[in-house]
Structure formats: C-alpha cells, structure tokens
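# coordinates only, sequence not included:
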C-alpha cells in the first residue's frame, strides 16, 4: 500500500510537470486548501455508509482525490487562458487540451467502474458514494473542457477580426500613400513627399476589435447546464439515502 501511494504520487507529479509545468505559488496554496476541504467532506460522507475500510477503499479514495486535484488545475489554467494569452500558444494548447481530455476520460472510466460495481453488489456501501463523487467530477471536468472550447472559439473569432481590421487599415494607408504621391506630382515637385504613410506602421496590438460578443451568453448556458446536472446528481444521491 505504501508503494502504491509513492508510485501514485510520482505518477501524478510527473503528469503535472509534463502537461502543466511548474505550478505557481497561488495555485499550490489553492490546491492545498481545496484538497483539505475535499478530504474532510469525503470523511464526513463516509459516516453515512457501512463498509470495510480496506486497501481497495484507499485506492478509490486516492483516485478520487487525484481526479479532483487534476480537475482543479485544469480549471485554473482555463481561467488563466481567458485572462491573458499564453507565451507559447502551441505548446500551451497542446498540453492543456491533452490534460483536459485525460481528466474527462479518467473520470468517466472511474464512474463506469463504480456504477458497475454498485449494480453487481446491490448494496449501499462506500462505492455508492464514490459513484456519485465521480459523477459530479465528470460533470465538472466536461464543463471545463467545454469552457476551454469556448475560449478557443473566442480566440479564433478575435484573431479573424484582427486580420480583417489589419487588412482594412493597410488598405487605407496604401490609398493615403497613393493620394499623397499623386498630389505631390500634380504640384510639379520632384521625388517623393516626406512622411509618407507606410503599411508597416500598423501595430496589430493597437487594433480595437469587439471580439466574440456571444461568449458571455454561451458561458452562462454552460454554467446553467452544469449546475442543473449537479443538482440532479445530488437529488438522486439523497433519494438513494432516504430509500435505504
């Protein structure tokens, strides 16, 4: 069991360094706070069910904790993406997309295992709690992946708007340049006039574009669906508790 904990810790740490890189101090602090709260919440829920706390229980508990930690890191990185563009977009998106998909696949796999175990045993034990925990975790990880998809759509639309705005601005500068040269020649002067506008003077960062105006509405719909699914899971959980 100790060897399992050590191997699991090294595996999680290796995946975190590979897909997320070094964590910021504020991320580490938030993870510690959320982890202690999740452990306390799970220990309180354990008092409701009957069952032996053996080695397999600890394995499921560690898998649940790892799944939550991984989901929290991914959620934080999506929030960072919404606030500021990454320094290395290709590497950042490749790592983040892989980690979010891995989180969804892991949560759904554990949920499927918990549901099949409960149906085979047909008794209210700790696996029922793990099933509902992984159900909520699957909803949250899927919601984070969908929110990341909305961020990608927002980035694509903003980039396309900037490209159109940049082309329009360069066309205006070309027209102004040609008009200045024509007037200079009509006045009978030789050479080229001074301070001619150039296309290279356009700064892409100074272009003001509206962005994806519908993003707020889609994020609201996503949060609404996520909260509704979580409500259904919690109501089902309490209904099963009262039934037993």
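On my side now, so go ahead. The shown structure was predicted, so the numbers you read here are calculated from the model rather than taken from an experiment.
# What sits closest to the most centrally placed residue in the chain if chain neighbours are left out?
Nearest to the mean C-alpha position of the chain, by CA atoms, centre = their mean, lies residue 78 at 3.7 Å. Leaving aside its sequence neighbours, residue 78 sits nearest to residue 148 (CB to CB, 6 or more residues apart in numbering; 5.0 Å). Placement of C-beta: from N, CA and C, glycine included.
# With residue 154 instead?
residue 212 (4.4 Å).
# Check residue 71 too.
Using CB to CB, 6+ apart, the closest residue to residue 71 is residue 141 (5.0 Å).
# same thing with residue 39?
Of all residues not flanking residue 39 in the chain, residue 65 sits nearest, at 7.0 Å (CB to CB, 6+ apart).
# following the host helix or strand of the residue nearest to residue 78, which helix or strand comes up?
Assigned by DSSP states H and E, residue 148 falls within helix 126-186. As assigned by DSSP H and E, the chain's next helix or strand after helix 126-186 is helix 215-243.
# mean confidence score for that next one?
Helix 215-243 shows a mean pLDDT of 88.
# what's the angle between it and helix 126-186?
Calculated by axes from the mean of the first three to the mean of the last three CA atoms, to 10 degrees, helix 215-243 forms an angle of 180 degrees with helix 126-186.
# Helix 215-243 - contacts with which helices or strands?
Packing partners of helix 215-243 (3 or more CB pairs under 8 Å, 6 or more residues apart in numbering; DSSP states H and E): helix 126-186.
# Which elements pack onto the helix it packs on?
Looks like helix 126-186 contacts helix 25-46, helix 55-83, helix 89-121, helix 215-243 (3+ CB pairs under 8 Å, 6+ apart).
# Please report how far the residue nearest to residue 71 lies from residue 228.
Per CB to CB, to the nearest Å, residue 141 is found 17 Å from residue 228.
# Looking at the two, which is more packed in?
residue 141 (26 against 11; other CB atoms under 10 Å).
# from what I can see residue 241 touches residue 48, true?
Yes: using CB atoms under 8 Å, residue 241 makes contact with residue 48 at a distance of 6.5 Å.
# quick one: low-confidence ranges for the chain?
Within the chain, the segments meeting pLDDT under 70 span 49-54, 122-124, 181, 184, 186, 188-207, 243-244.
# what about 80?
Along the chain, segments meeting pLDDT under 80 span 1-2, 4-5, 42-57, 121-125, 166, 169-211, 238, 240-244.
# OK, contacts around the closest residue to residue 215 other than its chain neighbours?
Spatially, and ignoring its direct neighbours in sequence, residue 215 is nearest to residue 154 (5.0 Å; CB to CB, 6+ apart). By CB atoms under 8 Å, 6 or more residues apart in numbering, the contact set of residue 154 is 211-212, 215.
# Buried among the residues you listed? Need that as a selection in PyMOL.
Buried subset of the contacts of residue 154, written as a PyMOL selection, criterion 16 or more other CB atoms under 10 Å:
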select buried, resi 212+215
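# okay if I get the contacts of residue 154 as a markdown table plus distance to residue 72?
Output for those, formatted as a markdown table (distance: CB to CB, whole Å):
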| residue | distance to residue 72 |
| --- | --- |
| 211 | 27 |
| 212 | 26 |
| 215 | 23 |
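# Now flag whichever of the contacts of residue 154 is closest to residue 70.
residue 215 (25.5 Å; CB to CB).
# Residue 152 versus that closest one, what's the distance?
In terms of CB to CB, residue 215 sits 11 Å off from residue 152.
# cool, residue 13 as well?
On the measure of CB to CB, residue 13 and residue 152 end up 28 Å apart.
# of the two, who's got more company?
Neighbour totals were compared for residue 13 and residue 152, and residue 152 leads with 13 against 10 (other CB under 10 Å).
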